[in-house]
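*Asks:* here's my sequence, what's the structure:
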Amino acid sequence: MSSFKIFDIAGSGMAAQSVRLNTVASNLANADSVSGSAETAYRARHPVFEAVRAQMAGGPNGAAGTAVRVSDIVEDGRAPEMRYDPGNPLANAEGYVFAPNVNVVEEMVDMISASRAYQNNVEVMNTSKELLLATLRLGQ
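*Replies:* Predicted coordinates for the structure are as follows:
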């Protein structure tokens with residue numbers, strides 16, 4: 001396996017965590033929105049990651065590399081929260097509005113987790129770069 005493949009792997013992890021951070025930001029931005037019906041209420045979204053194994057071109061014995069990618073972004077299946085707010089212009093005939101199924105605490109934990117995973121991939125890239133530079137300096 002090529003020494004430079006580590007940059008592709010860590011880069012794919014960074015891209016996946018970036019999508020995860022964007023979905024968390026979208027969920028948090030819509031956490032306080034309300035709707036007049038359960039069908040139109042915002043539903044929390046979550047990315048689905050999958051490992052990808054690809055044959056490396058020209059690699060010895062058909063060596064394979066791995067990466068991660070976002071295969072889908074799925075909506076949370078929990079029902080939206082019904083709130084009694086008869087004064088709201090979006091309220092239905094019974095006086096209820098529908099709030100998104102976003103749990104702010106869960107989203108904040110997910111944001112911290114994604115941020116740390118992104119930072120870990122940056123550290124992998126920096127460490128690999130330093131090791132490759134140290135290898136080059138061996139001949140001096």
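
*Asks:* use CA for all of it now, contacts and neighbours both
*Replies:* Fine.

*Asks:* tell me where the model's unsure across the protein.
*Replies:* Within the chain, the ranges that satisfy pLDDT under 70 run 1-2, 54-65.

*Asks:* and the residue nearest the centre of it?
*Replies:* With distances taken as C-alpha atoms, centre = their mean, Arg20 lies nearest the centre of the chain, 1.4 Å away.

*Asks:* got the contact list for that residue?
*Replies:* With contact taken as C-alpha atoms under 8 Å, 6 or more residues apart in numbering, Arg20 is in contact with His46, Pro47, Met111, Ala114.

*Asks:* buried ones among these?
*Replies:* His46, Pro47, Met111, Ala114 (16 or more other C-alpha atoms under 10 Å).

*Asks:* what's the helix or strand for the last one?
*Replies:* Using DSSP states H and E, Ala114 sits within helix 104-137.

*Asks:* for Ile6, same thing?
*Replies:* Per DSSP H and E: helix 5-29 holds Ile6.

*Asks:* and that helix, how far out from the chain's middle?
*Replies:* 5 Å (C-alpha atoms, centre = their mean, to the nearest Å).

*Asks:* and if you look at stretch 30-42?
*Replies:* Distance, centroid of stretch 30-42 to centroid of chain: 22 Å (C-alpha atoms, centre = their mean).

*Asks:* how long is that stretch end to end?
*Replies:* By C-alpha to C-alpha, to the nearest Å, the extent of stretch 30-42 from end to end equals 7 Å.

*Asks:* let me know the secondary structure of Gly77.
*Replies:* What DSSP: H, G, I helix; E, B strand; the rest coil gives for Gly77 is coil.

*Asks:* re earlier: buried ones in the helix holding Ile6?
*Replies:* Buried residues in helix 5-29 (16+ other C-alpha under 10 Å): 6-7, 9-21, 23-24, 27-28.

*Asks:* any idea which helix or strand comes after it?
*Replies:* Downstream of helix 5-29 (by DSSP H and E), the next one is strand 45-55.

*Asks:* now do that following strand: which elements does it pack against?
*Replies:* helix 5-29, strand 64-75 (3 or more C-alpha pairs under 8 Å, 6 or more residues apart in numbering; DSSP states H and E).
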